[in-house]
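# below is the sequence, then the predicted model.
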Amino acid sequence: MSQTNQDLKKAIDKIESAEEKIELNEAKILEEERKILSSVKETPVNIFDLDPGTTKRKIHLFRLTIIKKIARHKLLYGIVVTISLVLIWRGLWHTIDELPIISISLVSLGVGLLSIWILKKYTDLH
């Protein structure tokens, strides 16, 4: 019985030492990431420098910065996303209203069903 306890204690000690090594490695990695991020000279404000090849990266950096700042506040993030979706829907709705043939409800229903059928989103429309 005591041999089993000793084996168990050795196994636990090995696991704990492995966990400590992993935590040290993670701390080193995080410190290296902080050094790399602090050495980056670009800021989101510089996105309007139109150098070929770097503009896309700068726009991506600007977008990530905005998302990180807004995502910290869940309620604000939800409101911004909801307003964006409503504006997209409103724009689509008013664009379709401008087309005279699709303003007819039966034609609109037919075009909608046809597009869903073509995209095969609903399999029961065979």
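Arrived safely, thanks for sending.
# for residue 34, identify the helix or strand it belongs to.
Residue 34 is located in helix 2-39, with elements delineated by DSSP states H and E.
# low-confidence ranges in the protein?
For the chain, the stretches flagged by pLDDT under 70 are 1, 40-54, 121-126.
# which residue ranges make up the domains of it?
1-40, 41-72 (automatic domain parsing).
# adding distance to residue 90 and mean neighbour count, write those out as a markdown table.
(C-beta placed from N, C-alpha, C; glycine too.) Formatted as a markdown table, the domains of the chain follow (distance: least, Cβ to Cβ, whole Å; neighbours: other Cβ atoms under 10 Å):
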| stretch | distance to residue 90 | mean neighbour count |
| --- | --- | --- |
| domain 1-40 | 38 | 9 |
| domain 41-72 | 21 | 12 |
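# these into a markdown table, with extra columns for distance to residue 91?
Shown next, in a markdown table, are the domains of the chain (distance: least, Cβ to Cβ, whole Å):
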| stretch | distance to residue 91 |
| --- | --- |
| domain 1-40 | 36 |
| domain 41-72 | 21 |
